[in-house]
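Undergrad: can you look at this prediction? I've put the sequence above it.
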Amino acid sequence: MSLLAGRVAVVTGGAQGIGFAIAETFSRHGAAVVIGDLDPGDARERLGGAAAAVRCDVTSAEDVSALLDAATTEFGGVDVMVNNAGITRDATMRTMTEEQFDQVVAVHLKGTWNGTRLAAAIMRERGRGSIVNLSSLSGKVGLAGQTNYSAAKAGIVGLTKAAAKEVARFGVRVNAIQPGLIRTPMTTAMPERVWDQKMAEIPLGRAGEPEEVAEVALFLASDMSSYMTGTALEVTGGRFM
Ligand code: NAD
């Protein structure tokens with residue numbers, strides 16, 4: 001089954017982890033995929049098929065515009081936008097610097113705002129489109145050591161719902177995903193003790209794989225979810241349900 005045949009998808013932070021799994025899944029379902037990443041490396045070659053990879057810092061509106069322009073020039077438009085780029089700068093409030101706070105909020109919140117508003121501007125002209133924003137379980141429950149990240153990820157849910165209301169009448173849908181603990185370069189770097197603590201909180205008894213988030217992104221990107229907008233879907237193995 002090709003759920004995205006003939007569609008063009010842009011994935012920020014798509015060079016590794018969840019973003020790359022989304023790019024691969026979309027590509028397998030027939031989409032032309034354009035990855036935008038701070039460090040695209042050989043992502044285009046790894047993806048194969050109708051694909052491009054562009055250097056892009058999502059905190060820069062200029063970069064995000066250029067990324068969307070590349071999708072339009074190479075493949076004729078933008079049908080799906082996935083705002084996935086992310087970083088962590090964990091520290092308790094007692095030790096977190098303003099820089100750590102600002103960096104995380106800029107990449108997640110401003111980056112997602114840039115991607116959402118600039119993709120929506122293209123999609124509303126075309127009368128269709130689906131935007132998928134990566135929030136986090138951290139934005140739902142708040143996690144100690146992540147006041148910056150939890151605030152930004154909760155903000156992404158608010159942004160998603162507000163944007164969904166603005167663009168629904170143009171045929172554009174905006175939804176979010178809230179993953180729990182997913183095995184990617186972002187999380188496998190954490191100390192074993194912290195990893196084990198988190199595992200104990202997961203009813204399904206294991207971390208998720210990037211492909212398991214990508215399948216949900218595919219659902220939200222495709223017409224399978226045609227009557228859904230402004231939602232945030234949890235992909236957590238039941239953690240903090
Ligand atoms: P990752 O660190 O493995 O990959 C993130 C990618 O984003 C990298 O390729 C990086 O180069 C890119 N990136 C970072 N800053 C960027 C910027 N300013 N502009 C463009 N690209 C940038 O992370 P991941 O685990 O795959 O996470 C992907 C998304 O899912 C993030 O938004 C993350 O917060 C969210 N998330 C992850 C988990 C998890 O457990 N891994 C859980 C919940 C939410």
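TA: Yep, it's here.
Undergrad: what kind of secondary structure is the residue sitting furthest away from the middle of the chain in?
TA: For the chain, the C-alpha lying farthest from the average C-alpha position belongs to Arg94; by C-alpha atoms, centre = their mean, that distance is 29.2 Å. Classification of Arg94 using DSSP: H, G, I helix; E, B strand; the rest coil returns coil.
Undergrad: tell me how far it lies from Thr147.
TA: Taking C-beta to C-beta, to the nearest Å as the measure, Arg94 and Thr147 are separated by 10 Å. All C-beta atoms are positioned from the backbone trio N, CA, C, and that covers glycine.
Undergrad: swap in Ala71?
TA: Between Ala71 and Thr147 the computed distance is 35 Å (C-beta to C-beta).
Undergrad: please apply the same query to Ile35.
TA: Relative to Thr147, Ile35 is positioned 30 Å away (C-beta to C-beta).
Undergrad: out of the two, which sits in the busier spot?
TA: More crowded of Ile35 and Thr147, by other C-beta atoms under 10 Å: Ile35, with 30 against 18.
Undergrad: which helix or strand contains Gln100?
TA: Under the criterion DSSP states H and E, the helix or strand holding Gln100 is helix 98-105.
Undergrad: now do the helix or strand that comes right after that helix and helix 98-105, the angle between them.
TA: Scanning forward in sequence from helix 98-105, with DSSP H and E defining helices and strands, the next element found is helix 111-126. With axes from the mean of the first three to the mean of the last three C-alpha atoms, to 10 degrees as the basis, helix 111-126 and helix 98-105 are set at 20 degrees to each other.
Undergrad: number of nearby residues for Tyr150?
TA: Careful, residue 150 is Ser and not Tyr. Using other C-beta under 10 Å as the criterion, Ser150 is surrounded by 20 other residues.
Undergrad: residues in contact with the spatially most central residue of the chain?
TA: For the chain, the residue lying nearest the average C-alpha position, counting by C-alpha atoms, centre = their mean, turns out to be Asn84 (2.3 Å). For Asn84, the contacting residues are 11-14, 18-19, 22, 134, taking C-beta atoms under 8 Å, 6 or more residues apart in numbering as the criterion.
Undergrad: out of those, list just those in strands.
TA: Assignment to strands by DSSP state E places the following of the contacts of Asn84 there: 11-12, 134.
Undergrad: ok, longest helix in the chain?
TA: Taking DSSP state H as the assignment, the helix of the chain that covers the most residues is helix 147-167.
Undergrad: for the contacts of Asn84, which one is nearest the ligand?
TA: Distance from the ligand was checked for each of these by C-beta to the nearest ligand atom. The minimum falls on Gly13, at 2.8 Å.
Undergrad: can you list phi and psi of the closest residue to the closest one other than its chain neighbours for me?
TA: Distances taken as C-beta to C-beta, 6 or more residues apart in numbering place Ala85 nearest to Gly13, at 3.1 Å, with adjacent residues excluded. In terms of degrees, to the nearest 10, the main-chain angles of Ala85 are phi -50, psi 140.
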